[in-house]
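[1] Just a sequence and a predicted model for now, questions to come.
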Amino acid sequence: MFEKILVANRGEIALRILRACRTLGIEAVVAYSEADRESLPVQLADEAICIGPADARRSYLSAPAVISAAVVTGCEAIHPGYGFLSEDDAFAEVVRAHDLTFIGPPAAVLERFASKEGTRRLLAAHGLPTIPGSGMLRDDLHALEEAERIGYPVLIKPSAGGGGKGMRMVRSPRELESAIRVCRSEAKAAFGDDSLYLERWLEDNRHVEVQVAVDRYGRGVHLGERDCSVQRRHQKILEEAPTPALSETAREDLAQRAIRAVVAAGYENVGTLEFLVDASGDAYFIEINCRIQVEHPVTEVLTGIDLVATQIRIAAGEPLGFSQADVTLRGHAIEFRINAEDPDHEFRPSAGVVERYLVPGGPGVRMDSHLYAGYEVPPFYDSLLGKLIVWGPDREAAIARARCALDELLVDGVVTNIPIHQALLASEPFLAGRMTTSLLDRVGSAAFLAAAARA
Amino acid sequence: MSDTMPEPRHDARPSHRSTASGVAPTGATAAPVGPVPAGRVEHARTDDARAGDHAAIDRLVSELLPAWIARLAASGRGAIEVREDSWTVRLRRPAGGATGPADGRRSTDRPSRQQPGHEGHGHGPTALERHRSARSAAAGTHSSNGSGAPAAMAVGPRPVAAGGPADRRGRTDPHRAVATSPAVGVFHARGDVRRGARVRSGDPIGAIDMLGIPQEVVAPADGVVADILVEPGETVEYGQDLVAIELMTQTGAAGGTA
C-alpha cells in the first residue's frame, strides 16, 4: 500500500479522496491552484502544495506541475479525481515514467479505452449492444454523409472526455453544420482533442450506468447500476439507484453483461459503463468512464463499499478482496448535485462568498461538500458545490428524507440550484419514475419551478 | 421561493470579473481586482471572445503584472489603476498589509498529521481557525522529509528568519519587490546573485527545476538583491517568495542602503 498520495484535484472530490486516504492510513498531499488556497481540502490536508495559477491549464491540467509536485513532496501515487487529468492516458504514462502510480486504470488500459468509438467496437465484440453511430469524423462533409446514413436526429459527441461538453443534438444538416464547429472548439478547449463522432439520437431515453471494480488479477464485480436520467443539457443533476426504469431481473442481467464484457476486454480498476435505455427497455452501451464518478456515493450508500478506497487499493496492486456474492444492494439512494447556478436565470454560474452554510442531517443523509461559511466560490472551475446523498429503505422513504434534507440545506451568499431539486421532488414524472434525459430541457426548468411553486 | 434561497448579494457578473484577484502571484504586494474589458457587453459574447479574454488576461498577468506590482509598491499608494489596450487593471494593496490568512501556509512549512492539533477538528470557520493556528504553532518543530525525495530536495520548514516577520515586512514594504516562483520544483539561485547584487527588471536571477526542466526566475524590478528567501536546492511551490529586491528609487536611496 502507498504511504503518501498526491491529490491532483479540487473541491468536493479532493476532500473525498483526502478522507479515503485518512481511513486507509495514507498521508495525502493536496495540490492546489492559487484560486483554491482557502479551500477546505487545502486546509484539512496533511500537506498542501500550490502548483499554479487559477487557470486550470497551468495548474490542475498541467501534467508537469502535478508530477513535479508529487516528486518534490515524496508521493508514490497521484489520484486525479474526475475531470482534469483523470482519463488522460498520456498523463498516466508520464506518471508511470516518473516511477509514480496513477490511481486509475494503468496507462495501457486507459489507452485501450481512450477512444469512445474504439471502445464501442471493443465492447460490442464482447457482447454489449451499441447504438448505430459513425466512426471518427474526418471533416464536415464526412459528418453530413454519416448523419444521412444513421438518420436524424443525431448526437455529435467528442471522442475524448465527458460531462456534456462538446455534445449537441441536431435534427437537420443545417443544424449539424453550425453545431459541429461549436462542438469542435468546446472539445478542443475542454479535452485538448477535437475529434468527434456521431450517434443516433434515441428520443425519450434513460441514462443507466453500471459501476464495476476489477483488480489487477482479472477479478471483477459489478456494484449495481445508477439511473442518471435527470439531466439538463446533457449534464446530470440528480442520480438514483436502483433505476425505476428496469425490473430487478433486467437490472441484474444488464450488470452481469457489463462486468463480463469489461473483464474480458481487460479493464482494470473502478469504472462505469454508461447505457441508454429506450422506451421499450432495451439498453445500448455508449461509453465507459475510466475514473471515479461524481455520483459514486449513490453506489457507496447502497453497497457499503468505499469506492475511492477500492480504487486506491486496486492501483496499489491489492486483490479486490470480495466477490460478487459479497455485494448486496440495500434500499434506495438519490444524489442531488448542488451547483452554484441560478435556476431563475438559465442556470448562469454564480460565484461569491458563502455567508452561511448549514448541512442537513438525520438518518440516511450524507453531504459531500467542500463548502464552509466564509468560503469564496471561485469562478474559474465547474459549478459543483457539493452533493447531497439520501438513502431510504425504499424509493418513497428516500424521497421523503430528501425533501426534509433539501429544506434544511442552507447555502447563503451564492445562488444555487436547490430550487430545481425541490421542484423535481414535487413533479409527477420524477415521482412516477418516468424521467428521461431530454424531459427537463423539453418541458423547461422554468415550468418545473413554476409547478413546484404552485404545489 | 423559500428563505433558504435568498437573493444573491454578489451579482454573478462582477464576481466573474473579479477573477484576476486569484491570478495574482502570492508574493505580490498587491492583488489586481479585475481586468475589466472596457465597454464590452457580457451577455452577447461568443466563445471566441471569451477565449480571447482568457488569452489577454494570461498575457497581462504573465508579462505585465510583476511590473505593475513593483509600480504599486514604489508608489506607496493603496491602489493604482493601469490601462492596457482595452483593459483596465486595478491593483490594490491587501487590507492590513499581509497577503491574507493563507500567508505562511505552504507545503514546506506544514506540520504532518502526526502533529498535535490535527485531531478533533470540527466544522465552521472557528474550528478551522483553531485548526490552522494549531498547525502553525507546530510548524516550527516540523521536519518531515519526503520519503522518496533525494536529500537535496528536503521538505522542511522555511527558515524562520526568512519566512517570519522580516518576510512580512518585505511584502508590505513599498521599497521592495519580491520575485516569486514560476513553478513547483526545486530552487537554484544564479551564482552571481547574492545580497547586494544589482539587478535589472527581467534579469534572470535563478531557476526552478521542474522535472529536470529549468523554469527561469526573473527580477521583477530594477534594484538590489536584499534577501534570498529560500536555500538553493529547496523545494518551492508555485508563487512562493524567492528573492526580495530593494527597489531603485528616483532618489537612488534604496541602492545606497544595500
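    That came through, no problem.

[2] Help me confirm that residue B:229 comes into contact with residue B:245.
    No: using CB atoms under 8 Å, residue B:229 is not in contact with residue B:245, being 11.1 Å away. All C-beta spots, glycine's among them, are computed from the backbone N, C-alpha and C.

[3] Please say which of the two ends up with more neighbours.
    residue B:245 (30 against 25; other CB atoms under 10 Å in any protein chain shown).

[4] host element of residue A:301?
    Secondary-structure assignment from DSSP states H and E places residue A:301 in helix A:296-303.

[5] What is that helix packed up against?
    Secondary-structure packing of helix A:296-303 (3 or more CB pairs under 8 Å, 6 or more residues apart in numbering or on different chains; DSSP states H and E): strand A:220-232, strand A:235-241, helix A:307-315, strand A:332-339, strand A:365-369, strand A:384-392.

[6] Out of these, the one nearest chain B is which?
    When the helices and strands packed on helix A:296-303 are compared by CB to the nearest CB, strand A:365-369 sits nearest chain B, at 10.4 Å.

[7] List the strands paired with the helix or strand following that closest one, with their directions.
    Going down the chain from strand A:365-369, the next helix or strand is strand A:376-377, by DSSP H and E. Counting by DSSP bridges, the strands paired with strand A:376-377 are strand A:352-353 (antiparallel).

[8] Give me the buried positions along whatever helix or strand comes next after the partner strand.
    Next along the chain after strand A:352-353, taking DSSP H and E as the criterion, comes strand A:356-358. Using 16 or more other CB atoms under 10 Å in any protein chain shown as the burial criterion, the residues of strand A:356-358 that qualify are residue A:357.

[9] How about stretch A:12-29?
    So stretch A:12-29, judged by 16+ other CB under 10 Å, has buried residues A:12-21, A:24, A:26-29.

[10] how far away is the residue in chain A that chain B sits nearest to from residue A:28?
    Residue nearest to chain B within chain A: residue A:74 (2.3 Å; CB to the nearest CB). Taking CB to CB, to the nearest Å as the measure, residue A:74 falls 12 Å from residue A:28.

[11] So for these two, which residues contact both of them?
    Both residue A:74 and residue A:28 are contacted by residue A:4, under the criterion CB atoms under 8 Å, 6 or more residues apart in numbering or on different chains.

[12] tell me the SS of residue B:52?
    Here residue B:52 is helix, with the state taken from DSSP: H, G, I helix; E, B strand; the rest coil.

[13] Now do it: how many residues are near it, please.
    13.

[14] so how far is residue B:174 from it?
    Residue B:52 is 35 Å from residue B:174, by CB to CB.

[15] okay, and the common contacts of residue B:229 and residue B:245?
    With CB under 8 Å, 6+ apart, residue B:229 and residue B:245 have common neighbours residue B:178.

[16] on contacts alone, who are the packing partners of the helix of greatest length in chain A?
    Ranked by residue count, the top helix of chain A under DSSP state H comes out as helix A:173-191. Using 3+ CB pairs under 8 Å, 6+ apart as the contact test, the elements touching helix A:173-191 are helix A:140-150, strand A:154-158, strand A:168-170, strand A:196-200, helix B:47-59.

[17] Using JSON lines, please lay out those together with distance to residue A:229.
    What follows is those, written out as JSON lines (distance: least, CB to CB, whole Å):
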{"stretch": "helix A:140-150", "distance to residue A:229": "23"}
{"stretch": "strand A:154-158", "distance to residue A:229": "15"}
{"stretch": "strand A:168-170", "distance to residue A:229": "15"}
{"stretch": "strand A:196-200", "distance to residue A:229": "17"}
{"stretch": "helix B:47-59", "distance to residue A:229": "28"}
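
[18] Mind checking those for the one nearest to residue A:258?
    With CB to CB, the closest approach to residue A:258 among the helices and strands packed on helix A:173-191 belongs to strand A:196-200: 18.7 Å.

[19] after that closest one comes which helix or strand?
    Following strand A:196-200 toward the C-terminus (DSSP H and E): strand A:206-214.

[20] strands paired with that following strand, and their directions?
    Applying DSSP bridges, one finds strand A:206-214 paired with strand A:220-232 (antiparallel), strand A:269-277 (antiparallel).

[21] mean confidence for the last one?
    Throughout strand A:269-277, pLDDT has a mean value of 97.

[22] Can you say which helix or strand has residue B:66 in it?
    Applying DSSP H and E, one finds residue B:66 within helix B:65-75.

[23] Using PDB, write down the CA coordinates of that helix.
    The C-alpha trace of helix B:65-75 is given here as PDB (Å, rounded to 0.1, in the frame of the first residue of the first chain):
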ATOM      1  CA  LEU B  65       1.700  42.100 -13.600                       C
ATOM      2  CA  PRO B  66       5.100  42.000 -11.900                       C
ATOM      3  CA  ALA B  67       6.000  45.400 -13.300                       C
ATOM      4  CA  TRP B  68       2.700  46.800 -12.100                       C
ATOM      5  CA  ILE B  69       3.100  45.300  -8.700                       C
ATOM      6  CA  ALA B  70       6.500  46.900  -8.500                       C
ATOM      7  CA  ARG B  71       5.000  50.200  -9.600                       C
ATOM      8  CA  LEU B  72       2.300  50.000  -6.900                       C
ATOM      9  CA  ALA B  73       4.900  49.100  -4.300                       C
ATOM     10  CA  ALA B  74       7.000  52.100  -5.400                       C
ATOM     11  CA  SER B  75       4.100  54.500  -5.400                       C
END
